[in-house]
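A.B. asks: sharing a sequence plus its predicted fold:
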Amino acid sequence: MSIDTKSRQGWFSRIAHPGQFMAWTQPLLWPLVGITAVLFVVGLYYAFFNSPEDYQMGETVRIMYVHVPNAWLSQFVYVIMAVSALGTLVWRHPLADVSMKAAAPLGAVFTALALYTGALWGRPTWGTFWEWDGRMTSTLVLLLIYLGIIALWRAFDDQLRAARVIAVFTLVGAVNIPIIKFSVDWWSTLHQPASVFRPDGPTIPPSILIPLFLMFFAFTFLFLVLHLKAMHTEIRRRKAMGLERRAAGALA
């Protein structure tokens with residue numbers, strides 16, 4: 001076995017230990033909070049004071065700076081959960097189910113915000129708060145999947161057993177992510193085709209694209225902060241429950 005392979009395995013083993021993970025990530029929280037705050041301040045300034053109105057949508061286009069990042073995170077968080085599910089089932093990583101459990105409520109909130117801001121944006125743009133088109137419907141299904149996963153975590157007392165069941169459920173639900181992504185291309189929908197990540201480049205002018213990316217990174221860093229903090233809380237909760245069980249066993 002090469003030195004590089006040993007070092008990689010050693011690093012993987014170190015972060016698999018909850019105590020080591022917390023010692024490594026705890027100092028990152030406040031710098032991440034600072035980066036998140038700066039990104040939100042700059043992003044909101046550009047979004048509200050340094051970007052133009054849309055020639056068709058007017059001032060309502062500014063809802064995009066909240067809606068699009070939340071729509072992106074609704075899917076990105078689920079991908080994180082799907083990777084964590086693989087870590088639980090395949091690699092048996094001790095922190096994979098912690099990551100999966102910590103991400104689920106955050107994903108549900110981002111998805112709910114995407115649906116809510118989409119409805120606010122849709123009323124003046126399309127003349128309706130809701131339309132059962134492919135993207136809206138599949139995003140609503142994603143929210144229901146998130147809520148189902150949260151309910152499953154709460155239904156089990158044995159979190160290790162719950163992790164295996166929920167990991168399978170998460171991987172099955174992952175089929176909805178490409179449906180959301182490609183629904184605009186597959187079916188007739190109110191949503192416009194991709195205008196940022198395109199082979200021929202973005203179709204959005206820089207005056208709108210820059211604040212959109214700033215808000216995109218702001219919300220993404222917000223997720224990183226909240227996810228790390230939620231993982232730390234879950235690790236402490238499990239440690240406390242383990243101590244309670246040992247204390248109860250000693251008294252029995």
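C.D. replies: The structure has been received and is ready for your questions. Numbering: from 1, shown residues only.
A.B. asks: secondary structure element for the residue positioned nearest the centre of the chain?
C.D. replies: In the chain, the C-alpha nearest the mean C-alpha coordinate belongs to residue 77, at 2.4 Å (Cα atoms, centre = their mean). Residue 77 is located in helix 64-86, with elements delineated by DSSP states H and E.
A.B. asks: alpha carbons of that helix, as PDB, please.
C.D. replies: Provided in PDB are the C-alpha atoms of helix 64-86 (Å, rounded to 0.1, in the frame of the first residue of the first chain):
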ATOM      1  CA  MET A  64     -35.600  35.900  -8.800                       C
ATOM      2  CA  TYR A  65     -32.600  36.700  -6.500                       C
ATOM      3  CA  VAL A  66     -34.300  34.700  -3.700                       C
ATOM      4  CA  HIS A  67     -36.300  32.200  -5.700                       C
ATOM      5  CA  VAL A  68     -33.500  30.800  -8.000                       C
ATOM      6  CA  PRO A  69     -31.000  30.200  -5.100                       C
ATOM      7  CA  ASN A  70     -33.600  28.400  -3.100                       C
ATOM      8  CA  ALA A  71     -34.700  26.300  -6.100                       C
ATOM      9  CA  TRP A  72     -31.100  25.400  -6.600                       C
ATOM     10  CA  LEU A  73     -30.600  24.400  -3.000                       C
ATOM     11  CA  SER A  74     -33.800  22.400  -2.900                       C
ATOM     12  CA  GLN A  75     -32.100  20.000  -5.300                       C
ATOM     13  CA  PHE A  76     -28.500  20.400  -4.200                       C
ATOM     14  CA  VAL A  77     -29.400  19.500  -0.500                       C
ATOM     15  CA  TYR A  78     -31.100  16.300  -1.700                       C
ATOM     16  CA  VAL A  79     -28.100  15.400  -3.700                       C
ATOM     17  CA  ILE A  80     -26.000  15.800  -0.500                       C
ATOM     18  CA  MET A  81     -28.500  13.500   1.200                       C
ATOM     19  CA  ALA A  82     -28.300  10.900  -1.600                       C
ATOM     20  CA  VAL A  83     -24.500  10.900  -1.300                       C
ATOM     21  CA  SER A  84     -24.800  10.500   2.500                       C
ATOM     22  CA  ALA A  85     -27.300   7.600   2.000                       C
ATOM     23  CA  LEU A  86     -24.600   5.900  -0.100                       C
END
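A.B. asks: report the rounded mean pLDDT for that helix.
C.D. replies: Helix 64-86 carries an average pLDDT of 95.
A.B. asks: same check, this time on stretch 111-118
C.D. replies: 95.
A.B. asks: give me the distance between that stretch and the centre of its chain.
C.D. replies: Relative to its chain's centre, stretch 111-118 lies at 13 Å (Cα atoms, centre = their mean, to the nearest Å).
A.B. asks: so where's the stretch 101-250 of the chain uncertain?
C.D. replies: 185-203 (pLDDT under 70).
A.B. asks: the longest helix seen in the chain - contacts with which helices or strands?
C.D. replies: Looking across the chain with DSSP state H, the single longest helix is helix 206-251. Under the contact definition 3 or more Cβ pairs under 8 Å, 6 or more residues apart in numbering; DSSP states H and E, helix 206-251 sits against helix 18-25, helix 29-49, helix 64-86, helix 96-126. Just so you know, the C-beta spots here come from the backbone N, C-alpha and C atoms, and that holds for glycine as well.
A.B. asks: and the angle for it with helix 29-49?
C.D. replies: Interaxial angle of helix 206-251 relative to helix 29-49 (axes from the mean of the first three to the mean of the last three Cα atoms, to 10 degrees): 150 degrees.
A.B. asks: before we move on, back to that, mind listing what's buried in the helix holding residue 77?
C.D. replies: The neighbour-count check on helix 64-86 (16 or more other Cβ atoms under 10 Å) flags 64-78, 80-82, 84-86 as buried.
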